[in-house]
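# Below is the structure, and that's it, no one-letter string:
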């Protein structure tokens, strides 16, 4: 692989002297605010009308529907609030510090040797000095130990030190924290190939003494069309920059530079959750430390190439996030300020909407086919007018808030991950603070593509029901034809959304030469 990075990184932006937004960008921001405000106003009018109707003639399914609508509206409202200010146009780089000692932690636990080799080779090309690299191997692999020694890196292994593998990655990081001395710590996952200047770039953001961590933008080697939206451009390119002014930047666990003093003040990396990233940043900012975001890519890594890997990864994210929501909610978290609470809630509510609200919407047309009507359809004209205007405003809000970030692809993936986030939400209920969930490794076989129809069994079930029940209802005279036709529009939309995921499971991914991970991890 040599010492050159496998991809280019744009020059950093500076806080001073940054050109103002051009006319097109100013117009987009104005329209985003207009349609955000309109969405909130129309949504509130619709919910008030729906609540009044359900109060008079609602049955139990109607109340579930109303609760789902209220939850979705809450997420939209908080999102509009969080993104209302103009986004920061900087990378936070204000020049490097006077050569502080930096440690690089690379935790690994059974990843393929070629994957680890690619990362370690790139780490050797880092330009900052003094730099001390620690390879943290929880599998005690002789091959990884030999590779580390050949590159001049320190090799640490809890099994070889006679220590139990408690707390998974966070325990591994804390093990290294107790055996290192650098003023700053760069954490890199074993599959994250960095550019040589990553430390220099991130250190430039750390001049203020209360900066606890700087998270760089995550990028991945992805197949064409990115069927599972692993790029997550809305989070990395819109939400994270918006989180910074509120001091609510989320650590993603890799490509992140920490200040040792901040970690030591809170006793090390957080071990309460399954993984340390979100929880560590959550704890640090609640203690008055600052987190910054570097909105340009400084490393590139692997993302799940098949749906089982996506499920495992997103379940873990959802479980950790929902445990925080249920057991350590931002609204009652000591030390957080008002804007911080709301920004963290945006992330948490997105999982809750996918896991609870969206499945409710999938069931509503089926109830219409089976029962003939629902309480909120007692005033069909008012419903379609109010809901239609609210929906159109929402679409336009997304169109201008997330221009160029494939917002509808993100929406489809959020819709399709409902089985994972439903399970994560209920699993969070049975894992209170003193009962930690088990940790499951992911991406240990990144190039093996397991594709089976049962990976999309919930989606196929919904597709079959939405295809069959309209005709069965019409044949059995369960519902008036006009209601079947109206609900059929929703059914067609649901089938289209879920069919997209089913098709991705049946179609093997294709990589462009520049994005093929097998060209790097050899």
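It's in. If you're wondering where the values come from, they're calculated on a predicted model, not measured in any experiment. Numbering: from 1, shown residues only.

# ok, and for the helix ranked longest in the chain, which residues are buried?
Scanning the chain for the helix with the most residues, using DSSP state H, yields helix 23-57. Within helix 23-57, the residues that count as buried by 16 or more other CB atoms under 10 Å are 28-29, 31-33, 35-36, 38-40, 42-43, 46-47, 49-50, 53-54. Where you see a C-beta, it was placed from the backbone N, CA and C, and this is true even at glycine.

# same deal with stretch 396-403?
Residues of stretch 396-403 classed as buried: 396-398, 400-402 (neighbour count, 16+ other CB under 10 Å).

# what's that stretch in contact with?
28, 31-32, 35-36, 38-39, 76, 79-80, 83, 233-234, 238, 407-408, 410-411 (CB atoms under 8 Å, 6 or more residues apart in numbering).

# starting at the chain centroid, how far to that stretch?
19 Å (CA atoms, centre = their mean, to the nearest Å).

# what is the rounded mean pLDDT of that stretch?
Averaged across stretch 396-403, pLDDT comes to 95.

# Show the residue spans covered by the helices in the stretch 51-200 of the chain.
Under the criterion DSSP state H, counting those that start in this stretch, the stretch 51-200 of the chain contains helices at 60-82, 113-124, 142-150, 168-177, 198-203.

# Identify whichever of these lies nearest to residue 423.
Checking those against residue 423 by CB to CB gives helix 60-82 as the closest, at 17.8 Å.

# list the helices and strands the closest one packs on?
helix 23-57, helix 338-352, helix 358-371, helix 380-401 (3 or more CB pairs under 8 Å, 6 or more residues apart in numbering; DSSP states H and E).

# let's go with 7 Å and repeat that
For helix 60-82, the contact count by 3 or more CB pairs under 7 Å, 6 or more residues apart in numbering; DSSP states H and E identifies helix 23-57, helix 338-352, helix 358-371 as packing neighbours.

# Out of those helices, which gets nearest to residue 448?
helix 338-352 (27.8 Å).

# In the stretch 401-522 of the chain, what residue spans correspond to helices?
407-416, 418-429, 457-476, 481-506.

# Compare these and report which one is nearest to residue 161.
Of all the helices of the stretch 401-522 of the chain, helix 418-429 comes closest under CB to CB, at 32.0 Å.

# and the angle from the closest one to helix 407-416?
Following axes from the mean of the first three to the mean of the last three CA atoms, to 10 degrees, one obtains 60 degrees for the angle between helix 418-429 and helix 407-416.

# what's the spacing between helix 418-429 and its chain's center?
In terms of CA atoms, centre = their mean, the centre of helix 418-429 is set 15 Å apart from its chain centre.

# Could you check the angle it makes with helix 358-371?
Using the same axes, to 10 degrees: helix 418-429 against helix 358-371 is 120 degrees.

# Tell me how many other residues crowd residue 73.
Number of residues near residue 73 (other CB atoms under 10 Å) recorded here: 21.

# Oh, that last question was meant for residue 437, not what I typed.
17.

# you'd agree it is up against residue 319?
Yes - counting by CB atoms under 7 Å, residue 437 does reach residue 319; the two are 5.9 Å apart.

# coming back round to it: including mean pLDDT and distance to residue 433, could the helices and strands packed on helix 60-82 go into CSV?
Compiled in CSV, the helices and strands packed on helix 60-82 are given as follows (pLDDT from 0 to 100; distance: least, CB to CB, whole Å):
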stretch, mean pLDDT, distance to residue 433
helix 23-57, 92, 34
helix 338-352, 97, 16
helix 358-371, 92, 27
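
# out of the buried residues of stretch 396-403, who's nearest residue 457?
Distance to residue 457 across the buried residues of stretch 396-403 (CB to CB) is lowest for residue 398, with 29.4 Å.

# sorry, back to before: who touches both of residue 437 and residue 319?
274, 427 (CB atoms under 7 Å, 6 or more residues apart in numbering).

# Output the below-cut-off pLDDT ranges for this protein.
1-21, 58, 86-98, 375-378, 449 (pLDDT under 70).

# Okay, domains of it per the record?
32-87+342-506, 102-306 (automatic domain parsing).

# for residue 169, what are its contacts?
107, 275-276.

# how far away is it from residue 148?
18 Å (CB to CB, to the nearest Å).

# and if you look at residue 326?
Counting by CB to CB, the gap from residue 326 to residue 148 is 40 Å.

# Give me the more crowded residue out of those two.
Neighbour count, other CB under 10 Å: between residue 326 and residue 148, residue 148 has more, with 24 against 16.

# so who does the more buried one touch?
Neighbour list for residue 148: 135, 155 [criterion: CB under 7 Å, 6+ apart].

# just residue 362 next, same as before
By CB under 7 Å, 6+ apart, the contact list for residue 362 reads 462, 494.

# Kindly report the same for residue 80.
Contacts of residue 80 by CB under 7 Å, 6+ apart are 36, 39-40.

# For these, please prepare a markdown table with the additional fields distance to residue 353.
Converted to a markdown table, those look like this (distance: CB to CB, whole Å):
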| residue | distance to residue 353 |
| --- | --- |
| 36 | 17 |
| 39 | 15 |
| 40 | 16 |
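
# between these, which is closest to residue 219?
Using CB to CB, those come closest to residue 219 at residue 36, 27.8 Å.

# thinking again about what came up before, just say which of the domains of the chain is most tucked in.
Across the domains of the chain, the average number of neighbours (mean count of other CB atoms under 10 Å) peaks for domain 102-306, which reaches a mean of 20.

# to the chain's geometric centre, what's the distance from that one?
Worked out by CA atoms, centre = their mean, domain 102-306 lies 16 Å from the chain centre.

# when you give positions from now on, start the count at 29
Sure thing, new numbering starts at 29, so read that last one as domain 130-334.

# Identify whichever of the helices of the stretch 429-550 of the chain lies nearest to residue 393.
Across the helices of the stretch 429-550 of the chain, residue 393 has its closest neighbour in helix 509-534 (4.0 Å, CB to CB).

# how far out from the middle of the chain is the closest one?
Mean-position distance between helix 509-534 and its chain equals 26 Å (CA atoms, centre = their mean).

# what's the answer for stretch 411-420, then?
Centroid separation for stretch 411-420 versus its chain: 29 Å, with CA atoms, centre = their mean.

# got it, and stretch 375-394?
With CA atoms, centre = their mean, you get 17 Å for stretch 375-394.

# Determine how far the last residue of it lies from the first.
Separation of the first and last residues of stretch 375-394 by CA to CA, to the nearest Å is 30 Å.

# List just the nearest of the contacts of residue 108 to residue 162.
residue 64 (45.4 Å).

# Give me the distance between that closest one and residue 366.
19 Å.

# What of residue 458?
31 Å.

# closest one to residue 311 among the helices of the stretch 79-228 of the chain?
Using CB to CB, the helices of the stretch 79-228 of the chain put helix 196-205 closest to residue 311, at 11.6 Å.

# and the angle for the longest helix of the chain with helix 88-110?
Going by the same axes, to 10 degrees, helix 51-85 makes 150 degrees with helix 88-110.

# Output the contacting helices and strands for helix 51-85.
Using 3+ CB pairs under 7 Å, 6+ apart, helix 51-85 is in contact with helix 88-110, helix 408-429.

# Please identify which of these is closest to residue 278.
Of these, the one closest to residue 278 (CB to CB) turns out to be helix 88-110, at 12.5 Å.

# I'd like the secondary structure assignment at residue 257, please.
Taking DSSP: H, G, I helix; E, B strand; the rest coil as the rule, one finds residue 257 in the coil state.

# For it, give me its contacts.
By CB under 7 Å, 6+ apart, the neighbours of residue 257 are 437-438, 441.

# Can you add distance to residue 340 and give the domains of the chain back as a markdown table?
Listed next are these as a markdown table, based on distance: least, CB to CB, whole Å:
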| stretch | distance to residue 340 |
| --- | --- |
| domain 60-115+370-534 | 5 |
| domain 130-334 | 8 |
